[in-house]
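Participant: got a predicted model here, sequence first, then my questions.
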Amino acid sequence: MTGRVPPAAALRHGLILAGRGVLKIRRNPEHLVDVTVQPLLFLVMFGYLFGGAIAGSTGAYLQQLVPGLMVPSVLMATLSAGVGLNSDAGSGVFDRFRSMPIARSAPLTGVVLAGAVRYLVAIAVLLGAGTVLGYRVRTGVPEVLAATAVLVVAGLCFCWVTVFLGMVLRDRDAVQGSAVALFMPLVFASDVFVPAATMPGWLRAWSGVNPVSLLADAVRGLLDGGPVTGPLTGALAWSAAVLFVFFPLAIRAYHRRVG
């Protein structure tokens, strides 16, 4: 495996290996359980248990919950990349990749790009189930597509966090546990489930700059109508920062692990 290829060729190699990941999903649809069952459980549980207490009615709460819930659903969907790579590292698959004339980053890039399918499934499940329960998009098709694009881009960026964990940790359970421990405080210290106005001052201040809150607000603005530019700018800035930090860290950890 060569370490020096043009960027266009490296991207092409990553896309080819992404096809391998998509094929694995087609052959084993149960790999999509976490992006189908889990979002539905969260939607029903939070929507019906807390809707009346938080928003006065389940219907009103669903208008805030459905677009907001898309963010943690996408974040949790990134876990499979780190866990899968960790398993591959112990199975000898990377040895085969090393013998192939592909970019050294291609095995990681391929897994990350294949994750886009999982994000799209999670978004579609929430939109479909939310519509059945009473949620209604108040904008149009272009805004829905824009919201989907924002979520997929954010997922592709934050996925490098779990890829890094998958390369530096030795056990797949440790990868999953560490990623959940990292993402869950971001999710529950955001305005996904409760309005930021109800939080203590220090927590409200953090929620205002929390990447999960910014992504949720951007998606709500695109789907329900409302401010988009401010939260979208912040969300994209966070995504770019995460990519800038964790992409090179993940590649370096991968090189160190496979030699």
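Facilitator: Sure, I can see it. Residues are numbered from 1 along each chain as shown.
Participant: can you give me the strands in the stretch 1-150 of the chain?
Facilitator: Assigned by DSSP state E, counting those that start in this stretch, the strands in the stretch 1-150 of the chain number zero.
Participant: what's the mean pLDDT across stretch 177-187?
Facilitator: Averaging pLDDT along stretch 177-187 gives 93.
Participant: put the alpha carbons of it into PDB.
Facilitator: Extracted as PDB, the C-alpha positions of stretch 177-187 are listed here (Å, rounded to 0.1, in the frame of the first residue of the first chain):
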ATOM      1  CA  GLY A 177     -18.300   3.000  25.600                       C
ATOM      2  CA  SER A 178     -15.800   5.800  25.100                       C
ATOM      3  CA  ALA A 179     -17.700   7.300  22.200                       C
ATOM      4  CA  VAL A 180     -21.000   7.200  24.100                       C
ATOM      5  CA  ALA A 181     -19.400   8.800  27.100                       C
ATOM      6  CA  LEU A 182     -18.100  11.500  24.900                       C
ATOM      7  CA  PHE A 183     -21.300  12.200  22.900                       C
ATOM      8  CA  MET A 184     -24.000  11.800  25.500                       C
ATOM      9  CA  PRO A 185     -23.000  14.800  27.600                       C
ATOM     10  CA  LEU A 186     -23.100  16.900  24.400                       C
ATOM     11  CA  VAL A 187     -26.600  15.600  23.600                       C
END
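Participant: would you mark the buried spots in that stretch?
Facilitator: 178, 179, 183, 186, 187 (16 or more other C-beta atoms under 10 Å). (Each C-beta comes from the backbone N, C-alpha and C, glycine too.)
Participant: how about the helices in this protein?
Facilitator: According to DSSP state H, the chain carries its helices in the segments 7-27, 37-55, 58-77, 79-89, 93-98, 106-133, 141-168, 172-188, 201-209, 211-224, 229-258.
Participant: out of those, flag the one nearest residue 194.
Facilitator: The minimum distance between residue 194 and the helices of the chain falls on helix 37-55, with 6.0 Å, by C-beta to C-beta.
Participant: chain center to the closest one, what's the gap?
Facilitator: On the basis of C-alpha atoms, centre = their mean, to the nearest Å, helix 37-55 is displaced by 20 Å from the centre of the chain it belongs to.
Participant: what comes into contact with it?
Facilitator: Residues outside helix 37-55 that contact it (C-beta atoms under 8 Å, 6 or more residues apart in numbering): 57-62, 64-66, 69, 72-73, 76, 122, 125-126, 129-130, 133, 193-195.
Participant: try stretch 203-213
Facilitator: Contacts of stretch 203-213 (C-beta under 8 Å, 6+ apart): 71-72, 75, 154, 186-187, 189-192, 196-197, 199, 231, 234-235, 238-239, 242.
Participant: and with 10 Å instead?
Facilitator: 68, 71-72, 75, 154, 157-158, 183, 185-192, 194-200, 214, 216-217, 231, 234-239, 241-242 (C-beta atoms under 10 Å, 6 or more residues apart in numbering).
Participant: give me the number of residues near residue 24?
Facilitator: A count of nearby residues for residue 24, using other C-beta atoms under 10 Å, gives 12.
Participant: how close does the closest residue to it other than its chain neighbours sit to residue 81?
Facilitator: Spatial nearest neighbour of residue 24, excluding adjacent residues (C-beta to C-beta, 6 or more residues apart in numbering): residue 31 at 6.9 Å. Applying C-beta to C-beta, to the nearest Å, the value for residue 31 to residue 81 is 12 Å.
Participant: more neighbours, these two?
Facilitator: In this view residue 31 and residue 81 are compared by other C-beta under 10 Å, and residue 81 has more residues nearby, 30 against 16.
Participant: that one touches residue 111, doesn't it?
Facilitator: Yes: counting by C-beta atoms under 10 Å, residue 81 does reach residue 111; the two are 4.9 Å apart.
Participant: need the overlap of contacts for those two.
Facilitator: Residues touching both residue 81 and residue 111 by C-beta under 10 Å, 6+ apart: 21, 159, 162, 163, 166.
Participant: just the buried ones among these, please.
Facilitator: 21, 159, 162, 163, 166.
Participant: wait, which of these is closest to residue 222?
Facilitator: The closest of those, once distances to residue 222 are taken by C-beta to C-beta, is residue 159, at 21.5 Å.
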